[in-house]
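Asker: Kindly return the folded structure for what I paste below:
(2 chains)
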Number of protein chains: 2
Amino acid sequence: MELFTAIKERRSCRSFLSDPVPEDVLEKIIEAGTWAPSPMNAQPWEFIVVTGTEGKAKIYAEGERCRQWALATSGWKWLDKYRVEFLKTAPALVVVVGDPKKTGVDQFLEDGSAGYQYACAAAVQNMMLAAQALGIGSLWYTLFDRNNLKRIMGLAPEKKPLSIICLGQPAGEVSPVGRKPVQDRITFIR
Amino acid sequence: MELFTAIKERRSCRSFLSDPVPEDVLEKIIEAGTWAPSPMNAQPWEFIVVTGTEGKAKIYAEGERCRQWALATSGWKWLDKYRVEFLKTAPALVVVVGDPKKTGVDQFLEDGSAGYQYACAAAVQNMMLAAQALGIGSLWYTLFDRNNLKRIMGLAPEKKPLSIICLGQPAGEVSPVGRKPVQDRITFIR
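Answerer: The predicted model follows:
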């Protein structure tokens, strides 16, 4: 698929068919993620692919707990109707785990180590574009408590689960979401 | 350009020709950035394109200050030889500015608001891929103090400069950098 087509046609997909995503397709998507840039090419990521019912149920429970907590804390009414069933119904969840030790020089800066998180986010974007090109719908999900998810996934204490990508064949069309005109967001200093 | 070609052939470019990047090309690159996903489609970004000598000199001075500071703090010897001249020699610098108020539900989580930073990182990745497809070299640069850069750029107090993308025609070939085999980074939970 042409790059700009993939960039513009990618949508957040929340409704999936139950057909499994073949493992070679999952690998191709994740490999695209690993071509993202990272500080000192440290490749500060690993990927846990959850396809089993039990694993997805645990992640769903944490997502649902967080939704209820966020609703109570924020008072945002739309959260009451928002459903995170996609954490159960997506055929595959990819948990992106970052390694804060592989973050480059920015670990010495006051604002802390953003580098490994940026790299993992760039990897997620590559993966979503790759999914789009391979006919797979995707959703970038981050509403979970990192410590809880760390425990659920049995991760080493120093690792950080940063994102979950839901993957599967889209059930129906996903509506496009517009963007503000790019000119409104650019300032030139010539 | 085909998506997977762009993903695999993008390299970090640190040496640029002096030819300016036409403004319509810069706009096309930045527009690709704006198609990144963001929490609640809040599009928590703006882009400041610096092409003038004076603006680049100020950013270079901050980058060079940070390099020396990081060298002293980390003791990493390679920082002694590392040069950030690309902040002066790249024909265009794009400062990506994030808005922490546009971050979605994760602002209520203990780990703070990652969402707008992830979105801006995804936008950077889109922009680097778009640059690649348009024959423009790019570098993702983050070694600066955010408060200093905020002051240099004259940003509102609530905004955060997150990344600088150096853009220009590459001066010569950029060597490819390898990746670890994807299989080493994947775990399946079936």
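Asker: going forward, measure contacts and count neighbours with C-alpha atoms only.
Answerer: OK.
Asker: Quickly run through the sheet partners of the top strand by length along chain A, with directions.
Answerer: Using DSSP state E, we find that the single longest strand of chain A is strand A:160-168. Using DSSP bridges, strand A:160-168 pairs in its sheet with strand A:92-98 (antiparallel), strand A:137-141 (antiparallel).
Asker: Say whether chain B is contacted by the lowest-mean-pLDDT helix or strand in chain A.
Answerer: Sorting the helices and strands of chain A by mean pLDDT, DSSP states H and E puts helix A:78-81 at the bottom, at a mean of 93. No: Helix A:78-81 lies out of reach of chain B by C-alpha under 8 Å from any C-alpha of the partner chain, never closer than 9.1 Å.
Asker: measure A:Gly55 to A:Ile152 for me?
Answerer: 9 Å (C-alpha to C-alpha, to the nearest Å).
Asker: Neighbour count: the two, which is higher?
Answerer: When A:Gly55 and A:Ile152 are compared for neighbours, A:Gly55 comes out ahead with 17 against 13, by other C-alpha atoms under 10 Å in any protein chain shown.
Asker: What are the buried residues along the helix or strand encompassing the more buried one?
Answerer: In this structure, A:Gly55 is located in helix A:53-74 according to DSSP states H and E. Of all the residues in helix A:53-74, those buried under the rule 16 or more other C-alpha atoms under 10 Å in any protein chain shown are A:55-56, A:58-64, A:66-67, A:70-71.
Asker: could you say what helices and strands that helix packs with?
Answerer: helix A:78-81, helix A:86-89, helix A:146-153 (3 or more C-alpha pairs under 8 Å, 6 or more residues apart in numbering or on different chains; DSSP states H and E).
Asker: what's the nearest residue to A:Val94 if we skip its chain neighbours?
Answerer: A:Val49 (4.5 Å; C-alpha to C-alpha, 6 or more residues apart in numbering or on different chains).
Asker: Could you pull up the residues touching the one you found?
Answerer: A:92-95, B:186-190 (C-alpha atoms under 8 Å, 6 or more residues apart in numbering or on different chains).
Asker: Please indicate which of those residues are buried?
Answerer: A:92-95, B:186, B:189.
Asker: farthest-separated two in those residues?
Answerer: A:Ala92 and B:Ile186 (13.1 Å; C-alpha to C-alpha).
Asker: got any ranges where chain A has weak pLDDT?
Answerer: Counting by pLDDT under 70, chain A has low-confidence residues at A:110-112.
Asker: Now the helix or strand where A:Thr5 lies: buried residues?
Answerer: Taking DSSP H and E as the criterion, A:Thr5 maps to helix A:3-9. By 16+ other C-alpha under 10 Å, the buried positions in helix A:3-9 come out as A:3-4, A:6-9.
Asker: With stretch A:8-28 instead?
Answerer: Quick answer for stretch A:8-28 (16+ other C-alpha under 10 Å): A:8-17, A:21, A:26, A:28.
Asker: Do me a favour and get the end-to-end distance for it?
Answerer: 20 Å.
Asker: what about it, near chain B?
Answerer: Yes: contact between stretch A:8-28 and chain B, assessed by C-alpha under 8 Å from any C-alpha, occurs at A:8, A:11-12, A:27.
Asker: B:Arg10 versus A:Ser38, what's the distance?
Answerer: Distance, A:Ser38 to B:Arg10, using C-alpha to C-alpha: 12 Å.
Asker: Also A:Val96?
Answerer: From A:Val96 to B:Arg10 the distance is 22 Å (C-alpha to C-alpha).
Asker: same check, this time on A:Ala114
Answerer: Distance from A:Ala114 to B:Arg10, by C-alpha to C-alpha: 21 Å.
Asker: quick one on the thing from earlier: could you point out which of the buried residues of helix A:3-9 is nearest to B:Tyr82?
Answerer: A:Leu3 (32.6 Å).
Asker: Spit out the contact partners of the closest one.
Answerer: B:1-3, B:6, B:129-130, B:133.
Asker: Counting neighbours, which of the residues you listed end up buried?
Answerer: B:1, B:3, B:6, B:129-130, B:133.
Asker: which strands and helices sit next to the helix or strand A:Ile29 falls within?
Answerer: Under DSSP H and E, the secondary-structure element containing A:Ile29 is helix A:23-34. Applying 3+ C-alpha pairs under 8 Å, 6+ apart, one finds that helix A:23-34 contacts helix A:115-133, helix B:3-9.
Asker: And for that helix, what's in contact with it?
Answerer: Residues contacting helix A:23-34 (C-alpha under 8 Å, 6+ apart): A:43, A:45, A:47, A:122-128, A:130-131, A:134, B:4, B:7-8, B:179, B:182-183.
Asker: change it to 6 Å
Answerer: A:123, A:126-127, A:130-131, B:182 (C-alpha atoms under 6 Å, 6 or more residues apart in numbering or on different chains).
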